[in-house]
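[1] Sequence first, predicted coordinates after that:
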Amino acid sequence: MVEAPLLLGAIEAGGTKFLCGIADRSGTVLAQVRIPTTTPAETLGAASDFFAEHIARHGPLSAFSVGSFGPLSLNPVAPDHGSITSTPKAGWQDVDLLGHFRRTIEAPMALDTDVNCAAVGERLFGSGRGLDTFCYVTIGTGIGVGLLVGGAPHGGANHPEAGHIRLPRAEGDHDFPGICPFHGDCLEGLACGPAIKARWGASAETLPSDHPAWTIEADYIAGLCATLTYVVRPDRIILGGGVMDKHAMHARVRDALITKLAGYDSSIRALDMDDYIAAPTAGPSAGLTGAFAIAYRTATRQWPMHWAESAPDSLIAPAHTELSDA
């Protein structure tokens, strides 16, 4: 039996760039582009132009998906469903993402967070392979937490915002007020990349490995991991983002987490921390991969698990070629 053609459109919408692509049923990328994130009119206009060009060339889309920075309105009955809401990114508050693309694309559409999309990408190609319940955390310009439960992104009334929880202040860090424009010293306000720069007057990239910043940073990230451990009981917590690339941060977080868990609960004590706190391995295109997978599920009501079994060079895979610029 010959399968019907399937054409998927997807965007990973980030604070610095939009990654847009068209793929077929097998996950083979037919076209892709990188668009700088400037103003909504400029960025979304360029994205629409890309899809219009390639829909004219390849045919209509079967489904379209966006994985975006947030906060987002994901509840289908909400009056602002499909929109970015109270984001700290200047100029992008209350931007109706799905509404914009519905004006030019006739296809079923889905919207989820960029971290949930990255988590889906990790389940297909990376550190989430074979797992049904895990957390994907990114610590960079902001702090976002994606959550897969039963193999699918968790939604509920809306998406989780674990990056904005409040944690006990780390030792020696009681005076820094934090930088979150909404909460001040929430987790993101204390531990994202810009918070490191605001606290120490230097970016994370320039701080040496013996700087006290890293002990404080590990304390806050471990506090998040302890909370996720107790609330979600995931099979694994994957920690990504630019901050985690520095100075053996995964090992620092593991050590701090063991201290915070304090030997509670035999099932938690039995965790292999080297396996439980992991780095992402699906590569820089994991978010776009996940957005394509959500588009596939929107069109077929199934996850494209067969993508992970195919030849990597034909797929949206970790080693995929660099995107061209718009």
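    Happy to help now that I have it.

[2] Tell me where the model's unsure across the stretch 201-326 of the chain.
    By pLDDT under 70, the weakly predicted segments of the stretch 201-326 of the chain are 310-326.

[3] which residues does Val29 bridge with?
    With DSSP bridges as the criterion, Val29 is bridged to Ala23.

[4] can you confirm Val33 is in a strand?
    Yes. Assessed by DSSP: H, G, I helix; E, B strand; the rest coil, Val33 belongs to a strand.

[5] Burial check on Val120, number of neighbours?
    Residues lying near Val120 (other CB atoms under 10 Å) number 31. Just so you know, the C-beta spots here come from the backbone N, C-alpha and C atoms, and that holds for glycine as well.

[6] Give the buried residues for the helix or strand that it is a member of.
    Assigned by DSSP states H and E, Val120 falls within helix 114-125. Buried residues in helix 114-125, counted by 16 or more other CB atoms under 10 Å: Asp114, Val115, Asn116, Cys117, Ala118, Ala119, Val120, Gly121, Glu122, Arg123, Leu124, Phe125.

[7] mind putting the residues you listed in JSON lines, distance to Phe134 and pLDDT included?
    Output for the buried residues of helix 114-125, formatted as JSON lines (distance: CB to CB, whole Å; pLDDT from 0 to 100):
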{"residue": "Asp114", "distance to Phe134": "17", "pLDDT": "92"}
{"residue": "Val115", "distance to Phe134": "12", "pLDDT": "93"}
{"residue": "Asn116", "distance to Phe134": "12", "pLDDT": "94"}
{"residue": "Cys117", "distance to Phe134": "14", "pLDDT": "95"}
{"residue": "Ala118", "distance to Phe134": "12", "pLDDT": "95"}
{"residue": "Ala119", "distance to Phe134": "7", "pLDDT": "95"}
{"residue": "Val120", "distance to Phe134": "11", "pLDDT": "95"}
{"residue": "Gly121", "distance to Phe134": "12", "pLDDT": "94"}
{"residue": "Glu122", "distance to Phe134": "8", "pLDDT": "95"}
{"residue": "Arg123", "distance to Phe134": "8", "pLDDT": "95"}
{"residue": "Leu124", "distance to Phe134": "13", "pLDDT": "93"}
{"residue": "Phe125", "distance to Phe134": "14", "pLDDT": "92"}
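
[8] So the nearest residue to Val66 once chain neighbours are set aside: helix, strand or coil?
    In space, and not counting its chain neighbours, Val66 is closest to Ile11: 4.6 Å by CB to CB, 6 or more residues apart in numbering. Here Ile11 is recorded as strand under three-state DSSP.

[9] How about Gly70?
    coil.

[10] repeat for Ile268
    Strictly by three-state DSSP, Ile268 counts as helix.

[11] my read: it touches Lys260, true?
    No. Taking contacts as CB atoms under 8 Å, Ile268 lies outside contact range of Lys260: 10.8 Å.

[12] Helices along this structure, start to end?
    40-58, 97-102, 114-125, 187-191, 193-200, 212-232, 249-261, 266-269, 273-276, 286-300 (DSSP state H).

[13] For Gly155, find the nearest of the ones you listed.
    Across the helices of the chain, Gly155 has its closest neighbour in helix 114-125 (8.5 Å, CB to CB).

[14] Now for Phe134: which residues touch it?
    Counting by CB atoms under 8 Å, 6 or more residues apart in numbering, Phe134 touches Ala119, Glu122, Arg123, Gly128, Leu148, Pro234, Asp235, Arg236, Ile237, Ile238.

[15] What of Leu124?
    When contacts are counted by CB under 8 Å, 6+ apart, Leu124 is found next to Ala282, Thr289, Gly290, Ala293, Pro304, Met305, Trp307, Ala308.

[16] Closest one to Asp96 out of those residues, please.
    Taking the contacts of Leu124 together and measuring to Asp96 by CB to CB, the closest member is Gly290, at 22.0 Å.
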